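Asker: Got a sequence here, can you model it:
(one chain, ligands or ions: 2)
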Amino acid sequence: MHNDTIAAIATPPGVGGVGVIRVSGSDAFELVLPLFKRPGNQTELPPSHKLTFGHIIDPDTREILDEVLVAFMHAPHTYTREHVVEIQGHGGPLILRRILRAVLAQGARMANPGEFTMRAFLNGRLDLAQAEAVMDLIESETEAGQRLALQQLRGRLSDQIQQARHAILGVIARIEASIDFPEDDIPTPQPEELRPLIAEAQKLVSVLLAGSDQGRLYRQGVRTAIIGRPNVGKSSLLNAFLRTERAIVTPIAGTTRDTVEEAANLRGVPLHLIDTAGITPTDDPVEQIGVQRSRAAAESADVVLLVFDGSEPLTEQDRLVSAEVQQMGFGVQASNEEGTARKRPVLLVLNKADREQKIDVSELKQLWPDSVFISTSTFSDTGLKQLEDTLTDLILAGRMLYSESVLVTSTRHQEALRRATEQLKASFYSLEQNVPLDFVSIDLRAAYDALGEVTGETASDDLLDKIFSEFCIGK
Ligand code: GDP
Ligand code: ZN
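Answerer: Ligands and ions are numbered 1, 2, ... in the order given. Below you'll find the predicted structure:
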C-alpha cells in the first residue's frame, strides 16, 4: 500500500530561522533514529509528539550536520495518519538538503508534490475537498479567502455535500428495495412520493451552486486591466489604487517590461490589477511585442478600466483603443439577468479631473452608450472611492458581499455540482415520463457520483493525481 516512507523539506526554499524536514511512513522512526544523537547517547524512541533536542549526524562519519529539535509522532494522530518525524533544523538550504540526503540514504523516498496531503486523504483523515482547502489556505490572498478555505478544511462544505448525497441515496434505496425484493411486499414507490425527496436533494445542491460564482471570485480574484493610450495616467491610477487599499496583498510574479501586475484587496476579493503599456497598433517591432503582451493581458481580464485624459480633447489614439477594447468583447455593464450572455464590464475613467476638462464627453457617450463614467484625479485622489465602489458593484453584480455561509470556491466543485443538478433534473423528467424506476435510479446514481467527486469518494486516480500534483513538495 502507500506506506513506503517519504521525506521532503517542508519549509519554503531560501534562508529562514528554522527549516523543517518531514518524514512519513511505517519506517519513519527506524530511518531517523540512527541519525539522531542525543545527550548521553540515549537510543530509545523519544516520547511521541514532543520536541526532543539533539544533533543530526552522518551515520557513517559521525559528523554533526546540525543541531535540531525532532518530533517523533506516532500514527494515527498525525497529518498523514502514518508515523511522522519532523526535524527542525537551522533554516539554511544547504543544511536542510544535507539532512534530507541523510534521511534518503537511510532508505526514505523523496516525496512527490502534495504526497503528504495525498496520504492524509488516502488514509481517510481528510476528504478531497478538505485536502484541496489545504492548498487554498496556503495560497489565499485575502482574509475572506482564508476564512472560506478554513471552513472547507474543517469540513463544512463536505458536510453539505454529504447531506445532499444522503438525500439522494435515500431515494435510490427506496427504488431499489422495491426492485430487488418485489415479492417481499415492498410496495413500488409512487412518483408523488419520490418527487419531494428528489426536490429536497435538488435544493441542497442548488444552494451550494448559487454561491459558487461568488465563491470563485474570492479564491481566484478578479483580473482588472487598466487600458488607455500613453500618458493618460494608467500607472498613476494603479499606484493610487494600491495606496488607498491599505491591505495590499502579495505582489504577483510575472511582471514584465510591458505589463505590471499588482494585487489589491477589494473588500475581500483579490483584485489583480494589470497596468498595460499600450494596445494600439504600431510599426515598431519592439513595441509590437509589448502591444501583443498588453493585448493578451487585456483579453484575459474580467474587467477593464478604460482610461482617458479628461484635460485633453479625445484623440485618434483614444478612439483606436476604444475600438480595440470593444472588439475584445468588453461592453455594457454586467447585467443581473440569468442566462443572458453578458459582456465583460468596462469602466470609463476620465482622469486628471484636477485640470480644466476638455474631453468631449458626449462623443465618449456615443462610443460607450451603456457604460459608467467616473472622473478621477490621482493628484487629489478625487473619484477613487467612487471608482472602488463602482468596481465592487460591477464585480459582485448585485450579489451579497461575503457572509459566513459556506461558499463553493473551486471551479472543479462548481462543475461537479452542475452535473449533479443536470442528473437530478433528468431523474425528475424520467419520473414524469413514467419510465421504469430503474431509469430514474440511474440518473440519481449519476448525481450521487457527481457529488462524490467533490469529496473524493468517486474521484478517478487521474483526477487525484492531477489535483495533488499542483501542491508544492513537502505539503
Ligand atoms: P500612463 O502612461 O497612462 O501610465 O500615465 P502615467 O501614470 O505615467 O502618467 C502620465 C503623466 O500624467 C504623468 O506626468 C503624471 O504625473 C500625470 N498624471 C497622472 N495622473 C494625473 C492626474 O490625475 N492629474 C494630473 N494633472 N496629472 C496626472
Ligand atoms: Zn504607464
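
Asker: Only C-alpha atoms from now on, for both contacts and neighbour counts.
Answerer: Will do.

Asker: Where does pLDDT dip in the stretch 51-200 of the chain?
Answerer: Across the stretch 51-200 of the chain, the ranges flagged by pLDDT under 70 are 182, 184.

Asker: now the strands: where do they sit in it?
Answerer: For the stretch 51-200 of the chain, strands defined by DSSP state E, counting those that start in this stretch occupy the ranges 51-57, 64-73, 84-91, 109-110.

Asker: Neighbouring strands - and their directions - for the last one?
Answerer: Going back to what we said before, that points to strand 109-110. Counting by DSSP bridges, the strands paired with strand 109-110 are strand 6-9 (parallel).

Asker: what helices or strands is the very next helix or strand once past the strand it pairs with leaning on?
Answerer: Next in sequence after strand 6-9, counting helices and strands by DSSP states H and E, comes strand 16-24. In terms of contacts (3 or more CA pairs under 8 Å, 6 or more residues apart in numbering; DSSP states H and E), strand 16-24 is packed against strand 6-9, strand 84-91, helix 93-105.

Asker: picking that back up, so which of the strands of the stretch 51-200 of the chain is the most surrounded?
Answerer: Among these, the stretch with the highest mean neighbour count (mean count of other CA atoms under 10 Å) is strand 84-91, at a mean of 24.

Asker: tell me what that one is packed against?
Answerer: So strand 84-91, by 3+ CA pairs under 8 Å, 6+ apart, packs with strand 16-24, helix 28-32, strand 64-73, helix 93-105.

Asker: With I9 as the reference, measure out to S300.
Answerer: As defined by CA to CA, to the nearest Å, S300 lies at a distance of 35 Å from I9.

Asker: Repeat that for A149.
Answerer: 24 Å.

Asker: Compare those two (neighbour count), which wins?
Answerer: A149 (30 against 23; other CA atoms under 10 Å).

Asker: For the more buried one, give me its contacts.
Answerer: By CA atoms under 8 Å, 6 or more residues apart in numbering, A149 lies in contact with A133, V134, D136, L137, S140.

Asker: Buried only: go through those for me.
Answerer: Buried members of the contacts of A149, counted by 16 or more other CA atoms under 10 Å: A133, V134, D136, L137, S140.

Asker: Please name the nearest non-neighbouring residue to the third one.
Answerer: Spelled out, it's D136. A149 (5.7 Å; CA to CA, 6 or more residues apart in numbering).

Asker: Ligand 1 contacts on the protein?
Answerer: Within the chain, the positions near ligand 1 by CA under 6 Å from any ligand atom are 230-236, 351-352, 354-355, 377-379.

Asker: So which of the residues you listed belong to helices?
Answerer: Judged by DSSP state H, the subset of the residues of the chain next to ligand 1 located in helices is K234, S235, S236.

Asker: Export those to a markdown table and append columns for neighbour count, distance to L437 and pLDDT.
Answerer: Converted to a markdown table, these look like this (neighbours: other CA atoms under 10 Å; distance: CA to CA, whole Å; pLDDT from 0 to 100):
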| residue | neighbour count | distance to L437 | pLDDT |
| --- | --- | --- | --- |
| K234 | 27 | 62 | 90 |
| S235 | 19 | 63 | 87 |
| S236 | 16 | 65 | 88 |
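
Asker: Let me have the residues you listed in CSV, extended by distance to L424.
Answerer: Formatted as CSV, these follow (distance: CA to CA, whole Å):
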residue, distance to L424
K234, 49
S235, 50
S236, 52
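
Asker: From A225, how far out is T142?
Answerer: T142 sits 20 Å away from A225, going by CA to CA.

Asker: who has more neighbours, those two?
Answerer: A225 (29 against 24).

Asker: Could you look up the SS state of that one?
Answerer: Secondary structure state of A225, per DSSP: H, G, I helix; E, B strand; the rest coil, is strand.

Asker: need the contact list for it.
Answerer: By CA under 8 Å, 6+ apart, A225 lies in contact with L273, I274, D275, T276, A297, A298, A301, D302, V303, V304, L305.

Asker: for the fifth one, what are its contacts?
Answerer: If I follow you right, that is A297. For A297, the contacting residues are A225, T259, I274, T276, by CA under 8 Å, 6+ apart.

Asker: Buried residues, whichever strand or helix holds it. List them.
Answerer: In this assignment (DSSP H and E), A297 forms part of helix 285-299. Neighbour-count burial for helix 285-299 flags E287, Q288, G290, V291, Q292, R293, S294, R295, A297, A298, E299 (criterion: 16+ other CA under 10 Å).
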